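*Asks:* model the structure of this input:
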Amino acid sequence: MPDQAKHYFLTVLLTDKYVQSSLVSNNGQGVQIKEFSDIKTYFDRQDLLDQLDKSLQQLGSESQDVVETVFALDHTWLEDGDLSDLKRPIVKEISEELSLDAIGQISIPEALAEARLIGDESDSCLLIIFKEDSLDLIFLKHGQFLDLITVGRSGSVVDDFAEILARAAKKLGDEGKYFPGKVLMTSIALKQKEMESLHGQLIKEDWTKNPGFAQAPTIVVLEPDYMIKSISLSAGKVISKENLLAKMPKREIESRQPILVNQKPETVAKQEIKPELPQVQSSQVTQAQSAEYAVERSATNLHENVGDVPEKSSASSFGINFDQNYFSKKDNFKNPSSMREEIAVDNKPNKKRSPIGRFYFSHKKMILIGFAAGLLGLLTIATIFSFFLSKVKIVLTPEQTLLQKSVVVTLDPSIENSDFSKALLKASLQNKEISGQDVTSTTGIGLVGDKAKGKITIYNKTTTETELKQGTIVSSNDIDFLIDADIKVPASVLKQDGSGVDFGKAETNVTAKDIGSDANFNKETKFRVADYFDDKFSATAADNFSGGSSREVRVVAEVDQNRLLDSLSKKLAEEVAKEFNQESKDGLYLVPTGKTKVVESTFSAKLGDETESLTLNLTLEAEAVKYLSADLKKMSSDILQKDLPAGYSFVEEPSLMSDKAQAASNSSKIKLSADLSVKATANLNLEELKKQVLGKSWLEAEDYLENNSEIKQAQVIFNPPFLINILRNLPDDQSRIILELSK
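*Replies:* Predicted structure coming up:
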């Protein structure tokens with residue numbers, strides 16, 4: 001159980017691949033890192049839970065009942081100071097599965113900047129966070145967090161650093177014109193020997209050629225656990241201020257006073273300040289730069305009081321005082337008062353000897369000789385066993401790496417063979433028919449009614465008899481009538497007295513061409529006959545016309561048919577897509593392309609028919625692309641195989657996380673965005689490694705194995721265990737050395 005008088009909380013440092021945790025106490029008088037774990041590598045969501053659980057177990061018994069947790073996250077996990085929608089389920093799952101109470105989150109760059117400014121309110125430095133495939137630059141100048149700049153890593157760290165400096169100068173304008181003289185390097189992803197290699201490349205370059213540096217900068221590799229220490233320090237201050245940092249660049253970080261809130265200012269001022277230059281390698285800092293930092297350290301040590309103040313700060317922290325109380329363990333010494341009590345009890349005189357004591361003094365010589373002989377025999381047996389029969393087991397943990405790649409997979413039924421190099425996967429087409437019915441109200445307007453009828457007298461004013469056929473048009477006021485039957489109209493003749501001409505005439509029935517009451521003309525209405533002018537033919541209504549009438553009704557319009565066809569086609573396409581989805585199982589997937597074909601369609605009425613509703617019976621043929629998950633996995637393995645380092649092999653089948661497949665426009669091709677990942681481990685030749693360690697001291701053998709780039713950890717286990725204090729060298733006999741891989 002943790003001390004209830006103190007406020008304990010957990011800090012979890014989390015990136016896309018690595019996790020590390022610490023147990024921190026904040027009792028109002030200072031922040032102490034009670035314990036921190038190793039850096040753990042994880043490969044997927046489940047592995048993250050397993051590795052974080054192991055990490056928390058390393059924090060000791062005091063951490064068992066601590067649930068309050070501050071998450072320090074890669075800045076790519078946050079959007080506007082809050083968890084992104086993509087990462088929120090991950091943190092939620094961690095909290096629920098491991099019973100953690102997430103009391104806030106903070107971005108890793110912001111936390112590192114905060115820790116720097118706790119040590120020195122006016123700190124200026126360039127802090128580089130190295131990742132596997134990129135690096136982040138934290139730009140601190142005169143106590144201001146100016147910006148966070150990210151670039152991808154290339155094969156040259158010098159080019160990468162020059163690129164990030166150029167971006168900073170361009171983006172920040174006058175504020176980025178001159179760079180601080182301190183360049184600090186840290187990483188959770190790279191080992192210390194890799195960092196030292198990158199450092200060696202950077203210090204060889206003449207950075208005074210860059211106009212941003214007035215003189216050669218000091219470039220320092222920080223200690224391996226710098227990030228978890230700094231983030232824990234920053235989280236402790238954040239909790240004490242009840243103010244979680246959220247937003248990032250271009251603001252002055254507030255409240256830089258030391259966390260020792262109970263310490264009076266005058267007490268702090270009286271403390272002896274002992275400037276301590278970081279003890280880095282001679283290749284890291286020149287003599288001139290060391291003199292510069294001796295002055296700077298004396299000015300900033302006042303701000304390094306966190307917890308109990310030691311006489312001098314850690315050299316490797318380079319400006320942040322991680323004192324010994326940060327790593328305080330349980331007190332291994334007894335209370336002085338209880339020690340005195342035990343001494344007093346031991347020194348009390350015995351008033352009476354026991355029977356065992358009297359026997360011992362009577363046979364003292366015999367007992368001592370027997371004990372010595374027995375001890376000599378045991379030592380002889382132990383020596384024989386140690387040098388001739390004992391065995392040593394060496395458990396090796398191979399290096400592992402996570403291969404990741406994002407690809408856009410094209411499922412194409414038209415190609416003959418898959419081409420994994422281009423992420424092209426051969427698929428096949430599957431068609432499915434589906435039928436349905438739908439009804440809609442008609443919107444067309446039509447007229448119905450009767451046509452007007454009447455009798456006309458036709459006058460022939462020509463000298464020739466003329467026959468007018470059935471259907472000949474006679475019209476008046478733009479309303480047409482049709483002659484009901486063929487009729488012959490006699491020619492006109494001269495009157496006998498020569499006084500004029502008698503026109504030929506004939507009567508006939510006519511019917512209006514269209515319905516409507518407008519054609520109910522009165523008697524004596526004049527008509528034009530066909531296309532003849534009045535001097536040739538004319539006509540007059542012989543009596544009143546009647547029977548013409550009309551009314552509006554609902555009829556089938558073309559828009560009604562089109563709308564009904566579109567809506568029913570869409571509905572059937574959605575239904576068939578669900579059927580395809582239900583049939584997608586056991587590693588077989590069907591993805592609708594959206595392409596359909598009308599097999600049969602029948603409307604209940606024709607265009608213009610009088611009806612209040614229209615019914616459509618429709619049969620559609622829908623198309624889907626069929627593919628197998630086994631083919632996708634094979635393609636994933638083939639793609640990731642190209643990135644597999646020499647001497648490594650896959651631990652398991654590749655993992656594939658994909659978005660929903662989408663059909664290309666007007667095409668049977670399917671596009672699938674997928675994230676591929678697989679865990680790979682180094683292939684160790686155990687027999688060859690065994691030969692290399694025969695006869696070596698176990699410490700030398702352990703160092704030799706751990707310096708092997710393909711080995712992450714080596715553990716030498718003696719059987720029985722006490723032999724580790726007796727034997728200095730491993731056996732020369734191969735049969736007495738067992739090499740095995742950790743599970």
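
*Asks:* what residues sit buried inside stretch 639-648?
*Replies:* For stretch 639-648, the neighbour count (16 or more other Cβ atoms under 10 Å) marks 639-640, 648 as buried. No exception for glycine: its C-beta is placed from N, CA and C like everyone else's.

*Asks:* oh, I was asking about stretch 149-169
*Replies:* 149, 151, 157, 160-165, 167-169.

*Asks:* what mean pLDDT does it have?
*Replies:* For stretch 149-169, the mean per-residue pLDDT is 91.

*Asks:* with stretch 539-554 instead?
*Replies:* 90.

*Asks:* that one: end-to-end distance?
*Replies:* 38 Å (Cα to Cα, to the nearest Å).

*Asks:* flag every buried residue along it.
*Replies:* So stretch 539-554, judged by 16+ other Cβ under 10 Å, has buried residues 539, 541-542, 545, 547-548, 554.

*Asks:* same check on stretch 501-519?
*Replies:* Result for stretch 501-519 [16+ other Cβ under 10 Å]: buried residues 503-506, 508, 510-513, 515-516, 519.

*Asks:* in a markdown table, list the residues you listed along with pLDDT.
*Replies:* Converted to a markdown table, these look like this (pLDDT from 0 to 100):
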| residue | pLDDT |
| --- | --- |
| 503 | 90 |
| 504 | 90 |
| 505 | 90 |
| 506 | 92 |
| 508 | 94 |
| 510 | 95 |
| 511 | 95 |
| 512 | 94 |
| 513 | 91 |
| 515 | 89 |
| 516 | 89 |
| 519 | 90 |
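
*Asks:* for those, which one is nearest residue 738?
*Replies:* Distance to residue 738, by Cβ to Cβ, is smallest for residue 515 among the buried residues of stretch 501-519, at 108.1 Å.

*Asks:* is it true that that closest one touches residue 552?
*Replies:* No: assessed by Cβ atoms under 8 Å, residue 515 is found out of contact with residue 552, at 11.5 Å.

*Asks:* so what sits against both of those two?
*Replies:* Counting by Cβ atoms under 8 Å, 6 or more residues apart in numbering, the residues touching both residue 515 and residue 552 are residue 447.

*Asks:* could you check the pLDDT of the residue sitting furthest away from the middle of the chain?
*Replies:* The centre of the chain is farthest from one residue, residue 497, which by Cα atoms, centre = their mean lies 114.6 Å away. Confidence at residue 497, expressed as pLDDT, is 78.

*Asks:* that one: what secondary structure?
*Replies:* Assigned with DSSP: H, G, I helix; E, B strand; the rest coil, residue 497 falls in the coil class.

*Asks:* list the contacts of it.
*Replies:* Applying Cβ under 8 Å, 6+ apart, no residues contact residue 497.

*Asks:* give me the phi and psi for it.
*Replies:* Phi and psi for residue 497, reported as degrees, to the nearest 10, are phi -90, psi 0.

*Asks:* what of residue 675?
*Replies:* Residue torsions, per degrees, to the nearest 10, at residue 675 are phi -110, psi 120.

*Asks:* partners of it in the sheet?
*Replies:* Beta-bridge pairing for residue 675 (DSSP bridges): residue 406, residue 657.

*Asks:* low-confidence regions, the stretch 101-250 of the chain specifically.
*Replies:* 238, 240-250 (pLDDT under 70).
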